[in-house]
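1. let's see this in three dimensions:
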Amino acid sequence: MRINAVFEGGGVKGIAFVGAIAVTQQRGFVFHRVAGTSSGSIVASFLAAGYGHEEMKELILETPFHQFLQKSLLHHIPYIGPIIRLLFKKGMYSGDPLEAWIRQKLLAKGVRTFSDLPPNSLYIIASDISNGKMIVLPDDLKDYGIHPDYFEVARAVRMSISIPYFFDPVIMKRNYVVDGGILSNFPMWIFDNEMIKNGGEKLIPTIGYQLVGKNPHAKNEINGPLSMLQALFATMMGAHDERYIDKKYRYRTVKIDASSVGTLHFDITREQSLGLYESGVRAAEEFFNKWSYAEYLSKFHDFNKKFLGR
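-> So this is what the prediction gives:
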């Protein structure tokens, strides 16, 4: 059975999605269209490119995530170096190594631009803070005079994962673009208009994959302006985990406990990665053991009548 999928942002916690994907695919579901924000956009892009759960698990276990936080020469200047970089670059880390890794993995599947993917198969959320608006990639690229088919998928993902002040923002046509989670960290709405339009018995269900739970042992040590900024990043991103799941989305959301790891814990160990993976497995098994297409159709139409009057 075909399903659409939406993946929430959540930093390195996004590893948990792979466990949930494994169960989803093992149950016979096929991902039709996918969307994601921040780390969820990485997972969505890999699925759209043709990666299966086994390949994605292997990628997780073989990748040292700390390599994505390469320090520049400025980082080695005591106290003021990182702050100087932040002032000039608008981020503590460049984001280039992470973008290069994503590009390499997509190219391994023959994907460079959106034209290498089936039409309308992948949507990525980013935030244009220059204009104060959300961007849905690739569709909204035309508003910037850019042809969507010729835009790199890895670049779009880089936009979505650019956590403010942590990674450098992406400058597109003189506009600063950052993490999509600022405006829509869990874009469950993205396929609904078309689903309503093409409803009835042929409706393709949309399943959301969300990270929940706050690490009870997490504590941000603040001893200067740099550590304060880092604490700000962690709090801002972690706050998404505490967000209430809108009532109309609960019945179609796989809620994954990712409380064992912090959002910006890039020095995550292999054991912690496997722990997140297994958490994703448990959450998806619990969800799909209770899920039925008939109940989905009933609730989808009921909620749309109630909230949208359709």
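2. now the host helix or strand of Arg158 - C-alpha only, CSV.
-> Using DSSP states H and E, Arg158 falls within helix 153-160. As requested, the backbone C-alpha atoms of helix 153-160 are provided in CSV (Å, rounded to 0.1, in the frame of the first residue of the first chain):
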residue,chain,number,x,y,z
VAL,A,153,18.5,18.6,-3.6
ALA,A,154,21.5,18.7,-1.3
ARG,A,155,21.3,22.5,-1.3
ALA,A,156,17.7,22.5,-0.5
VAL,A,157,18.3,20.1,2.5
ARG,A,158,21.2,22.4,3.6
MET,A,159,18.7,25.3,3.8
SER,A,160,16.3,23.3,5.9
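3. helix or strand right after that helix?
-> strand 165-167.
4. now for that following strand, which elements pack on it?
-> Here strand 165-167 touches strand 91-93, helix 225-238, going by 3 or more Cβ pairs under 8 Å, 6 or more residues apart in numbering; DSSP states H and E. Just so you know, the C-beta spots here come from the backbone N, C-alpha and C atoms, and that holds for glycine as well.
5. before we move on, the earlier item: what comes into contact with the helix holding Arg158?
-> The contact list for helix 153-160, computed with Cβ atoms under 8 Å, 6 or more residues apart in numbering, reads 9, 36-38, 41-42, 45, 48-49, 95, 98-100, 102-103, 106, 111-114, 116-117, 122, 124-126, 135, 137-138, 170, 172, 177-180.
6. try it again at 6 Å.
-> 37-38, 41-42, 45, 95, 99, 102-103, 106, 111, 124-126, 137, 170, 177, 180 (Cβ atoms under 6 Å, 6 or more residues apart in numbering).
7. please apply the same query to stretch 275-287.
-> Ile15, Ala16, Phe17, Val18, Gly19, Ala20, Val23, Thr24, Val254, Ile256, Asp257, Ser260.
8. okay, now the fifth one: neighbour count?
-> The burial metric for Gly19, expressed as a neighbour count using other Cβ atoms under 10 Å, is 26.
9. secondary structure class for Gly36?
-> At Gly36, secondary structure determined by DSSP: H, G, I helix; E, B strand; the rest coil is strand.
10. that one against Phe7, yeah?
-> Yes. Between Gly36 and Phe7 there is a contact at 3.8 Å, judged by Cβ atoms under 6 Å.
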